[in-house]
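K.L.:
from the sequence below, what's the structure:
(chains A, B and C, ligands or ions: 2)
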Amino acid sequence: MRGGAGLSVSNPLTESTAHELVEKFRSGAATPSAATRAYLDRITALDPTVRAYITVTRERALAAASAADERWRTGRPKGPIDGVPTAVKDVLCTKGVRTTCGSKILERFVPPYDATVIERLEAAGAVILGKTNMDEFAMGSSTEHSAFFATRNPWDLSRVPGGSSGGSAAAVGADLAAAAIGSDTGGSIRQPGAFTGTVGLKPTYGRVSRYGLVAFASSLDQVGPLTKDVADAALVLRVIAGHDPLDSTSADVPVPDYAAELSRPIAGLRIGVPKEYFVEGMDPEVERAVREAIEVLQRLGATAEPLSLPTTDFALAAYYLIAPAEASSNLARYDGVKYGSRVASAKDLIDMYSKTRAQGFGAEVKRRIMLGTYALSAGYHEAYYAKAQKVRTLVRRDFEAAFSRVDVIVAPTTPNVPFKLGEKEDPLAMYLNDIFTIPVNLAGLPGLSVRCGFSLASLPIGLQFIGRPFDEATLLRAASAYEQATPWRDRRPSLG
Amino acid sequence: MQDVEHVARLARLELSPEEGERMREQLDRILGYIDKLRQLDTAGVEPTSHAVPMVNVFRDDEPRPCLSPEEMLANAPDRSGEFFRVPRIIED
Amino acid sequence: MRSAAKDYETVIGLEVHAQLLTRSKMFCGCPTTFGAAPNSQTCPICQGMPGTLPVINRRAIEFGVRTALAFHCTINPGCRFARKHYYYPDMPKNFQISQYEEPLAEHGWLEVTVDGQERRVGIQRLHLEEDVGKLIHDGPLETARSSLVDFNRSGVPLMETVSEPDIRSPEEAAAYLRAFRAILLYLGVCDGNMEERSLRCDANISLRERGETGFGTKVEIKNMNSFRNVQRALEFEVGRQTEALARGERLVQETRLWDADRGYTRSMRSKEFAHDYRYFPEPDLVPLTMDRARVEEIRAGLPELPADRRQRFMRAYTLPAYDALLLTQSRALADYYEAAVREFARPKIVSNWIMSELLREIPADDEKALAASPVPAKNLAGLLQLIDRGTISGKIAKDVFEKMFRSGEDADTIVTREGLIQVADTGALAAIIEQILAANPKAVLDWKRGKKAAAGALVGHVMKATQGKANPGVVNSLLQEKLSQL
Ligand SMILES: [Mg+2]
Ligand SMILES: [Zn+2]
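P.N.:
Numbers count the residues shown, from 1 in each chain, chains lettered A, B, ... in the order given. Ligands and ions are numbered 1, 2, ... in the order given. This is a model prediction of the structure:
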């Protein structure tokens, strides 16, 4: 039997995966409205504890659900996620619905346009339940850096859900949404995916349009799904992926039918195991779970071989120059002139700018703006920004060399299990949490995190698959095979 | 970091003296970590600014409808008629 | 006196920003029309809203390449956009998407004619960027308590062209700008309107002792909104700097604003700390590579440019250099000239009439006004034909031209309606001459006594009597005939 002890608002609809829900819509066993109401009820009951949502769009969700009811009733669904209640990270612009980015400076910002991903979700019939909490401007790994409140890990409410897409991950992990959308600049989908035991997929840079995604670091940001299982990730990716003329960096390459690929066996798949991803100081429980997962994959017919990605140790340092540099530029527009909050009184324009930004941004955002401004400033540009961009080339080359020998790389998603709220006060300690996810963003590759066991304290552990550019299909296939072969998916958090 | 004040001014961030001090300490620690990049020889290495190499992406020169001034001004913290309004400008 | 006044050489470099005549903005689909209601030509992209991304306007790049080729520049095989950071409320993102290390084109030149002397002024670089919005201050900036922002212009494509410091006088600077503008207009990439700011110029100027090869302290001048003001501002600056140097003062590197009303430049408050633009490659745009075949295609499609056209005018119409230079100053004027010559094949006469009559009414570089001239080329040719056929005199034709210009009517209409047709009918004229001879016996007597000049006075009388409509040639021969019969 599924389910932990003492689940108070249990409902087969909210426990279903998206593809299971869609099956119920198809068979008439349930309707999108019933599913949406079940989720909204559960949000009302549990979100005051989990705190996954910044904004719940109840009326819109119900209206969208009832339109989906009609389509299913008449046998004309828009697609494979029509009527699926979905949560969206508050970093994607939603027309007429405030989009805060977890920041005070955008607390009252209501975009006049929809992000391309939102348009695609709605065109596919997804029911948007609301906007989820996040570290301010996606800068953080715990969702404690939201300007509004911290989100809790459904597996242990004293712990963080990871970040920056912690709200989306917690929503899916706590069954407060059937699926969710996050964004990943240095691990912000995969790490919260690992921490909440959900599937988190960061697509190849260029696979999903960034139009309407409030930028953190433009050359690293990607939008992707957080889902209850791998099959759902395949469904959602199919909907949101594809070329967008509004995003110059969006790749014009075909989007495969990922779900159809899932059943293909992985026998003969060549798996690379990078030695740099098993480091001293990492949680032995994480290492053990990942090593066991590799054995499972081998039992399924994959071959595993050790390899080396020698620049790994430098990726974090390069990232903490490149991402803040781009962020300092992207966040320059929040100046109290066109949108967002403005300080009440200022003696002149510069004073208004400096005070508005001082009050509107939180400590972590300010730190990164400072770091990035410094890295780009006259006299330091070469030593910092330019150097980091060269290191980025070396990181890419490492992966290119590896992928000439293997089809997919397997590694832990994070070096440790979810930590306690307030545990990582020191910024650098927080940053080090992302050492295994950051190189993937620097190289623009797809990465996926899937649950691969639990610590003794019942905290989920994430297994990361890293693939060739635009080869999300192989990641999904390998992760799905692994998921099917292991019992981990059956466990769910007990939220009393 | 040598000049936190200068960087804060470039970034238009007002920092109290205590904030500035804390910022300096934290950034120094982070930059201390980042210094490990010096160990890496990057002579002759081309920088990567785009992870996935692409070139020549254009749009055709076709005008598209704009949003109305009302929509564009709806989020303005301060406005005067159809204009955004800003406090007095002092050049720096 | 310790030393004589030193002889200084003026060193000027110009930076011109030209608004490209695309239909939509540089990175979004908003239209570029001038003069629309405030903030009515904006969208989330050109207002820099969170989440928006730029996409390059293909035509803007093509216009850049066209211009660069006309300026004999090398088109770089690859170029890319960069972000240039500074805070100002007319710039929605607080960075401008421009080009920095990898501009579209470099190393060109422009031919400039001053006092009939041709010189090449080097062009350092040509790059593309986006324009900023417009600020409106309540009163002068220094005292304004608040300012208003209109983002209509934000994101309009601009082409920035930086000359080498090759210009040696304010007059030459003005000539450079005229030549520059003419080329843009010939290419159809910019409307060249300085008042509407579709063409803007900043100047760098320094002095050095003649014979020096290094550069003196450079001063940047901004806020000049016409060619004439560029020249005036530079002339003022040459004077100011020469005097300062003569007094042994040290010049400071600074930016000065031209005050056209008061006719002087004044220092902008000196900068506390230099700009630090923190350029880096625009991550939201991908690099451009210049396909050589495409560049050659664009080169092949270039129209005849002013210098070539001038040469052709001298060759094909045997015009003097002066005429050819003037007539090719704008594409519209050169087109006008050629259209007129097609209808009336006496090139120098057409040139004379255009220079003396048409250009009194319309400036030679005002494309729009020339194209919309109330006297189109065909009508000018029609007027010249009337003179040629002897229907009207040259003197009357000048009045007719003015009337044509005011009314937009053609020459025939005016001449017929106002009865200006030259009287060449010998019968009618003979009668008038009889009367004049009868009424002026003294002049007749004088003529008979050998004072041949008296005939001139008689011709004058006849012309007066016919209100100038008499054909002077006919009058003269009839008069001679009558007089000799007396
Ligand atoms: Mg410029
Ligand atoms: Zn626009």
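K.L.:
distance of whatever residue of the stretch 101-250 of chain A ends up closest to ligand 2 relative to C:Val149?
P.N.:
In the stretch 101-250 of chain A, no residue comes nearer to ligand 2 than A:Tyr113, which is 11.2 Å away by Cβ to the ion. Just so you know, the C-beta spots here come from the backbone N, C-alpha and C atoms, and that holds for glycine as well. A:Tyr113 sits 20 Å away from C:Val149, taking Cβ to Cβ, to the nearest Å as the criterion.
K.L.:
more neighbours: the two, which one.
P.N.:
When neighbours are counted by other Cβ atoms under 10 Å in any protein chain shown, A:Tyr113 and C:Val149 differ, and C:Val149 comes out ahead with 26 against 21.
K.L.:
SS state for the more buried one?
P.N.:
Assigned by DSSP: H, G, I helix; E, B strand; the rest coil, the conformation of C:Val149 is strand.
K.L.:
that one is in contact with B:Ile89, isn't it?
P.N.:
No: judged on Cβ atoms under 8 Å, C:Val149 makes no contact with B:Ile89 at a distance of 10.5 Å.
K.L.:
can stretch B:29-47 be said to contact chain A?
P.N.:
Yes: for a cut-off given as Cβ under 8 Å from any Cβ of the partner chain, stretch B:29-47 has contacts with chain A, namely B:29-31, B:33-37, B:39-40, B:42, B:45-47.
K.L.:
start and end of that stretch, how far apart?
P.N.:
Across stretch B:29-47, the terminal residues are separated by 25 Å (Cα to Cα, to the nearest Å).
K.L.:
how distant is stretch C:387-404 from the center of its chain?
P.N.:
Mean C-alpha position of stretch C:387-404 versus that of the full chain (Cα atoms, centre = their mean, to the nearest Å) differs by 29 Å.
K.L.:
what residues sit buried inside that stretch?
P.N.:
With burial defined by 16 or more other Cβ atoms under 10 Å in any protein chain shown, the residues of stretch C:387-404 counted as buried are C:387, C:391-393, C:396-398, C:400-401, C:403-404.
K.L.:
other residues contacting that stretch?
P.N.:
Counting contacts by Cβ atoms under 8 Å, 6 or more residues apart in numbering or on different chains, the residues outside stretch C:387-404 that touch it are C:344, C:346, C:353, C:357, C:374-375, C:379-380, C:383-384, C:386, C:409-411, C:414-415, C:418, C:420-422, C:424, C:468-469, C:471-473.
K.L.:
using PyMOL, define a selection of the buried residues within these.
P.N.:
To isolate the buried subset of the contacts of stretch C:387-404 in PyMOL, counting by 16+ other Cβ under 10 Å, use the following:
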select buried, chain C and resi 344+353+357+375+379+380+383+384+386+409+410+411+414+415+420+421+422+424+468+469+471+472
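K.L.:
among the contacts of stretch C:387-404, which are in reach of chain B?
P.N.:
The subset of the contacts of stretch C:387-404 lying close to chain B, counting by Cβ under 8 Å from any Cβ, is empty.
K.L.:
list the contacts of the residue nearest in space to the middle of chain A.
P.N.:
Centroid-nearest residue in chain A, with Cα atoms, centre = their mean: A:Ile189, separated by 2.0 Å. Listed by Cβ under 8 Å, 6+ apart, the contact set of A:Ile189 reads A:165, A:168-169, A:182-183, A:200-202, A:224-226, A:449.
K.L.:
repeat that with 7 Å
P.N.:
If you count contacts by Cβ atoms under 7 Å, 6 or more residues apart in numbering or on different chains, A:Ile189 has them with A:165, A:182-183, A:200-202, A:224, A:226.
K.L.:
point me to the residue of chain A nearest chain B.
P.N.:
At 2.6 Å from chain B, A:Gly444 is the closest residue in chain A, using Cβ to the nearest Cβ.
K.L.:
that residue reaches B:Ala51, doesn't it?
P.N.:
Yes: A contact is recorded between A:Gly444 and B:Ala51 when judged using Cβ atoms under 7 Å, the distance being 2.6 Å.
K.L.:
any common contacting residues for the two?
P.N.:
With contacts defined as Cβ under 7 Å, 6+ apart, the residues adjacent to both A:Gly444 and B:Ala51 are A:Tyr205.
K.L.:
ok, the buried residues of stretch C:387-404 vs ligand 2, which is closest?
P.N.:
C:Met404 (44.9 Å).
K.L.:
ok, that closest one to chain B distance?
P.N.:
38 Å (Cβ to the nearest Cβ, to the nearest Å).
K.L.:
and what about that residue, helix, strand or coil?
P.N.:
Counting by three-state DSSP, the three-state call for C:Met404 is helix.
K.L.:
what does chain B have sitting close to chain C?
P.N.:
B:10, B:12, B:49-50, B:54-64, B:66-67, B:69, B:72-73, B:80, B:82-89, B:91-92 (Cβ under 7 Å from any Cβ of the partner chain).
K.L.:
sitting in strands, which of these do you find?
P.N.:
B:58-59, B:80, B:83-87 (DSSP state E).
K.L.:
looking at these, which is nearest A:Leu459?
P.N.:
Of all those, B:Arg59 has the smallest distance to A:Leu459: 47.8 Å, by Cβ to Cβ.
K.L.:
give the contact list for the residue nearest to the closest one when sequence neighbours are not counted.
P.N.:
Leaving out its chain neighbours, the residue that sits closest to B:Arg59 by Cβ to Cβ, 6 or more residues apart in numbering or on different chains is C:Val55, at 4.4 Å. By Cβ under 7 Å, 6+ apart, the residues touching C:Val55 are A:245-246, A:248, B:57, B:59, C:27.
K.L.:
now which of the residues you listed would you call buried?
P.N.:
Buried residues within those, counting neighbours by 16+ other Cβ under 10 Å: A:246, A:248, B:57, B:59, C:27.
K.L.:
export the contacts of C:Val55 to JSON lines and tack on pLDDT and distance to ligand 2?
P.N.:
Formatted as JSON lines, the contacts of C:Val55 follow (pLDDT from 0 to 100; distance: Cβ to the ion, whole Å):
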{"residue": "A:Pro245", "pLDDT": "98", "distance to ligand 2": "15"}
{"residue": "A:Leu246", "pLDDT": "98", "distance to ligand 2": "12"}
{"residue": "A:Ser248", "pLDDT": "98", "distance to ligand 2": "15"}
{"residue": "B:Val57", "pLDDT": "97", "distance to ligand 2": "18"}
{"residue": "B:Arg59", "pLDDT": "98", "distance to ligand 2": "12"}
{"residue": "C:Phe27", "pLDDT": "98", "distance to ligand 2": "8"}
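K.L.:
among these, which one sits closest to A:Ala429?
P.N.:
A:Ala429 has its nearest neighbour among the contacts of C:Val55 in A:Ser248, at 36.6 Å by Cβ to Cβ.
K.L.:
packing partners for the one helix or strand A:Ile43 maps to?
P.N.:
Using DSSP states H and E, A:Ile43 sits in helix A:32-50. The helices and strands touching helix A:32-50, judged by 3 or more Cβ pairs under 7 Å, 6 or more residues apart in numbering or on different chains; DSSP states H and E, are helix A:12-15, strand A:53-56, helix A:58-73, strand A:85-89, strand A:127-132.
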